[in-house]
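In: With the input below, show me the fold.
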Amino acid sequence: MHIVKVGLALLALVTLGACGGGGGNASGGAEPGTTPTPTPNVIALSVVDTSDVAANSISFGAGQRIKARYTTAAGVPIPYKLVSFSVSVNATAVTVAPTTTTTNLDGVAYVSVSPATASTVGAARVIAAADETTRYIDVGISATSVSLSALALGATTLGAGGSTTVSVIARASSALASGVSVAFSATCGTLTPSIGQTDGFGVAATTYSAVKSDGTSCQGSITLSAVASGSTQTNELMVLAPIASAINFVSAAPSQIYILGSGAAAQSIVSFKVLNAQGGNYSGASVIVSLTSNPGGVGLNAPGAISNLPLTSDSAGLVTFSVFSGTVPGPVEVKAALVASGAYAVSKNLSVQSGPPSQKFFSMAASTFNIEGRDYQGTTTTLTVQAANRNGTSVPVGTVVNFTAEGGQVSPSCTMALNLGITSCAATFSSQSPLISNGRVSVLAYTEGLKDFIDVNGNNIFDSGDTLVEMGDAYRDDDENGSYDAASGEFVIKRGGTLACPGAGGDAPSRANTCSGEIATTVRRQLVLIMSGSFAAFQLPTVSTDLITFVLTDDDGTNPMPAGTTIVSTAVDNTPVNNLACTEKKTFPATILSTTTPGTGVGITLIGCASGDQISVDVTTPKGNITNQIFLIP
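Out: Numbers count the residues shown, from 1 in each chain. The predicted model follows:
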């Protein structure tokens, strides 16, 4: 079977080497004595318009058709024959309907052919087949001129910040046009989507919102436009002016401020937002701000100014102002009211605190200083921090204390809470790697607070004439030498101070020459935990018939035994001939307590002991490790 191309609008008759119904010999006869060879049928294809006039191309909505004429080779029409149609090249570009039909009495079959959408351009190849005969025709696709209907609005009047539907119908010639891109725009507000595609009914739709990109509302006459393929439609709607209908509390930062003169933050930035009836931001509203709860001396926009404060909302609907603390701690409540309607809102969680932690009133202790941690991982002790302000009263609940350790592992922080009116918090230290060679682990607790000062004029405020107790940057004095050692990488909290001042070690390490002259500082407290070994050493023993003494350390000789270690002595009477029973009178101490002292002095008083008698001493750690030492009476 052969496929022969038929040019557009050109009828081509081609003889094939296959038979077709009703065909005769192409030469008009056959040689005598031979069997006539059947001649093939012919399909002639063309594109025509509704008047059956040949067309050069197709366009959306123009009603073009493909005309197929089915005849014998001699040109005799073949009626009532089934002809099928398909698209072999660029199949998605055109639509052929129906795909199967029959020829009429003149041997002609028609099917409609159209671009898939009004925006489709290019070309496609359509194949027609009847019996054993097949032909194709290449079809050009021309750009389609689109017209838009009037722009339809769901509503022509909107409240401030309102929205409505917007739609338009696209047509090509007289047909509804699908797949057409329509661009929507507005002189104020937003359209979602801004570019729509027409559906199978030629409709493109979007939603208009009378809210600008900055959140404020449009107002007045708004022009909406739709544009497609050079066709433009416009319409107008009216957006009513917004009305301030509500005001909400937004934030207070920080929510906790401190009494004036404490050296800590005494100012909070407070914001309220004015909204219109649709929930959008309202600018230009008149607002009155006032204090409805004032512990004493709290001011609006200035210290001590407590009168009503008139404000106007900005483009984001916000009114923003400062709240300054007074000299009395307590909760603060601020009211913001709309002048026009009286609607109001109040602030939340804003308070004046008595003062942050003071260095002098910042302390840390351990439940056990000497834990059995050199040879065991996971042995713990509890670190408790208590903090008070410079007046010796509780600091704000929620104050966070941070920790850092030279070795082992410590909880990163704890949060101050009230316990019987005292602010304190607890963290856990656990033995683990890294192990410090001397078994002594420095732990530092720290938080933001105030330096100490001598209140010369007695006004409870650090001011001119008062004496500041200076201290430099907080650091962790790992080697306990009383000075910051950068070369060894000791932990430090730098505040940028450059004033000359002496350094310090001990329980409040201070880096030299980093003072600032300001009252704010990192309050800190350091302690040393001992990772004690699990076996004992008996140092400096003395033995007589009536007393044994020694210094008990762990087996590295420099640290105490773990807290909870027990000491038990037993007398062995090896001299029964003297008729004296060797016994102990007392053992000091019986249990090792929490301590950082390197060794524990132990004394055992003996009664009735003679030369040759023995005293056996068992030292047992909390983990059950036993060290035995026998003393022979000289």
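In: where in the stretch 101-250 of the chain is pLDDT low?
Out: Nowhere does the stretch 101-250 of the chain drop to pLDDT under 70.
In: typo on my end, it should be the chain
Out: Across the chain, the ranges flagged by pLDDT under 70 are 1-39, 263, 278.
In: how is it carved up into domains?
Out: 4-141, 146-239, 252-351, 359-530, 536-632 (automatic domain parsing).
In: and of those domains, who's closest to Ala246?
Out: When the domains of the chain are compared by CB to CB, domain 252-351 sits nearest Ala246, at 4.6 Å. In short, each C-beta sits where N, CA and C put it, glycine included.
In: For the most centrally placed residue in the chain, give me its contacts.
Out: In the chain, the C-alpha nearest the mean C-alpha coordinate belongs to Ser251, at 20.0 Å (CA atoms, centre = their mean). Shown in contact with Ser251 (CB atoms under 8 Å, 6 or more residues apart in numbering): 269-271.
In: one more time with 6 Å, if that's ok
Out: The contact partners of Ser251, by CB atoms under 6 Å, 6 or more residues apart in numbering, come to Ser271.
In: go on, the one 4 residues further on?
Out: For Ser255, the set of contacting residues under the criterion of CB under 6 Å, 6+ apart consists of 349-350.
In: Can you tell me how far it is from Ala175?
Out: Separation of Ser255 from Ala175 (CB to CB, to the nearest Å): 66 Å.
In: before we move on, what about Met471?
Out: Plainly put, Met471 is 88 Å away from Ala175 if you go by CB to CB.
In: Name every strand pairing with the host helix or strand of the residue nearest to the centre of the chain and say which way it goes.
Out: Using DSSP states H and E, Ser251 sits in strand 244-253. Here strand 244-253 is paired, per DSSP bridges, with strand 267-276 (antiparallel).
In: How about residues contacting the partner strand?
Out: Residues outside strand 267-276 that contact it (CB under 6 Å, 6+ apart): 160-161, 242-244, 246-254, 257, 282, 285, 313, 317-324, 334, 336, 345, 347.
In: ditto for stretch 84-97
Out: Stretch 84-97 is contacted from outside by 99-100, 111-114, 116, 120, 122, 124-129, using CB under 6 Å, 6+ apart.
In: taking those one by one, which sit in helices?
Out: Among those, no member falls in helices (DSSP state H).
In: And for the closest residue to Ser532 other than its chain neighbours, the neighbour number?
Out: Distance criterion CB to CB, 6 or more residues apart in numbering; nearest residue to Ser532, sequence neighbours excluded, is Pro562 at 4.2 Å. The number of residues packed near Pro562 is 27, by other CB atoms under 10 Å.
In: Please tell me I have it right and Pro562 contacts Thr621.
Out: Yes - under the criterion of CB atoms under 6 Å, Pro562 makes contact with Thr621 at 5.3 Å.
In: Could you verify that Ala487 is part of a helix?
Out: Yes - counting by DSSP: H, G, I helix; E, B strand; the rest coil, Ala487 falls inside a helix.
In: how much space is there between it and Ile493?
Out: Taken as CB to CB, the span from Ala487 to Ile493 is 18 Å.
In: Tell me which of the two has more neighbours.
Out: Applying other CB under 10 Å to Ala487 and Ile493 shows that Ile493 carries more neighbours, namely 17 against 5.
In: contact partners of stretch 624-632?
Out: Stretch 624-632 has contacts (CB under 6 Å, 6+ apart) with 534-536, 538, 543, 548, 614-620.
In: Could you tell me how far stretch 203-216 lies from the centre of the chain?
Out: Stretch 203-216 sits 29 Å away from the centroid of its parent chain (CA atoms, centre = their mean, to the nearest Å).
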